[in-house]
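Undergrad: Sharing a model that was predicted from the sequence below.
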Amino acid sequence: MTDRLGRADLHIHTLASDGTSGIVEILEHVEKRTDLDVIAITDHERIDAAVAARAIARNTGLRFEVVVGEEITTRGGHLLGLFLEEPIRPLRSLRWTIAAIHDQGGIAIPAHPLVPYPLCAQGWLLRRLLADADPRYHPDAIETFNPTTLGRPWHGRVVAFAQEHGLAPVGNSDAHAAAAIGQGYTTFRGRTAEDLWAAILAGQTHSHGQFHGTGALLGVFAQQLRKYGRDARDEVRGRLLRTGKGRDHGYPGGQLRPPRFHPRAFDSETSEELEERVAERAAEGIR
């Protein structure tokens, strides 16, 4: 192992919410195409795909770790909750939601903050939380790099805010397609999810990345529209035919109604393909 810093992308969406890739595609992409050591699956208002991804990564022996996360809609903007075991209820105050994440031993990070848009936490609210005498209500870090349209114009302002308030800077891709994973990333000392957790709490992280071009963003939006069409078709078909299935949530068992992870559904070709990826990486000396 070299002395290079670990790399993490902690803001990734799947088919379970508004992403366009299933978790097997995501895991294969990270294994083969990136040098990330930690990723977090952060679907909107749910953690089922993240839990499935973590189980598959562990059981298959992939070289990176998966953190269970969630992008939670609060009345004060979107908030990333990391290292979760239970989903967090949406549409509560930002203050309540940060405390709920901390009650699970998790980490709370405002996503694409300071942008003058309802889904983004504003500076005045974050300052009020940081001034609270109870650290239970303090955000642990702030997303200083987000390569999307929401992140570009306000990047410098967010970096300055993090420095002013001593918040750990975090870079993420906010990926809605597997190919975008790693477009933004965080560096930290160590390689493991535990190392990352400690680095964030110690304020010893750095954010990096490259902004998307307009064409890439429009391409993902078109993929999302096609996904929503498929989802609606599959839900209607499942109900009319009473098949016990619905839209694809992107993991084995994710087409069942209600969706639930079935490890047995993974014990087939998909498992073998991922195991082959691991063997290839080991043979190349990349592990």
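TA: That came through fine.
Undergrad: Tally up the residues packed near residue 169, please.
TA: Other residues near residue 169 number 22, with proximity taken as other Cβ atoms under 10 Å. C-beta here means a position set from N, CA and C on the backbone, and glycine is covered the same way.
Undergrad: Quick check: phi and psi at it.
TA: Per-residue torsions, residue 169: phi -80, psi 130 (degrees, to the nearest 10).
Undergrad: which residue packs closest to it, ignoring adjacent ones?
TA: With sequence-adjacent residues excluded and distances taken as Cβ to Cβ, 6 or more residues apart in numbering, residue 169 is closest to residue 144, at 4.0 Å.
Undergrad: Please enumerate residues in contact with the helix or strand hosting the one you found?
TA: According to DSSP states H and E, residue 144 maps onto strand 141-145. The contact list for strand 141-145 (Cβ atoms under 8 Å, 6 or more residues apart in numbering) reads 11, 80, 107, 109-113, 126, 151, 155, 158-159, 161-162, 167-172, 184, 200, 203, 205, 207-209.
Undergrad: and the gap between the residue nearest to residue 169 and residue 211?
TA: 13 Å (Cβ to Cβ, to the nearest Å).
Undergrad: who's more crowded, these two?
TA: Legend: neighbour count by other Cβ under 10 Å for residue 144 and residue 211, higher for residue 144 (31 against 16).
Undergrad: pLDDT score assigned to that one?
TA: On pLDDT, residue 144 comes in at 98.
Undergrad: now do residue 153
TA: In this prediction, residue 153 has a pLDDT value of 86.
Undergrad: Can you tell me the closest non-neighbouring residue to it?
TA: residue 115 (7.6 Å).
Undergrad: tell me the phi and psi of that neighbour?
TA: Dihedral angles (degrees, to the nearest 10) for residue 115: phi -70, psi 130.
Undergrad: ok, how many other residues are close to it?
TA: Neighbours around residue 115, by other Cβ under 10 Å: 21.
Undergrad: My guess is residue 137 contacts residue 101. True?
TA: No: at 10.6 Å, residue 137 does not count as touching residue 101 under the criterion of Cβ atoms under 8 Å.
Undergrad: out of the two, which sits in the busier spot?
TA: For residue 137 and residue 101, the more surrounded residue by other Cβ under 10 Å is residue 101, and the numbers stand at 26 against 20.
Undergrad: what comes into contact with the helix or strand harbouring the more buried one?
TA: Using DSSP H and E, the element containing residue 101 is helix 94-103. Identification of contacts with helix 94-103 by Cβ under 8 Å, 6+ apart yields 72, 74-77, 79, 81-82, 84, 88-89, 92, 107-108, 110, 121, 125, 129, 132, 136-139.
Undergrad: The chain - how does it break down into domains?
TA: The chain breaks down into these domains under automatic domain parsing: 6-213, 216-283.
Undergrad: just those: most buried one?
TA: domain 6-213 (a mean of 20; mean count of other Cβ atoms under 10 Å).
Undergrad: Taking helix 94-103 as reference, get the angle to the strand ranked longest in the chain.
TA: For the chain, the longest strand by residue count, based on DSSP state E, is strand 65-74. Angle of strand 65-74 versus helix 94-103, following axes from the mean of the first three to the mean of the last three Cα atoms, to 10 degrees, is 150 degrees.
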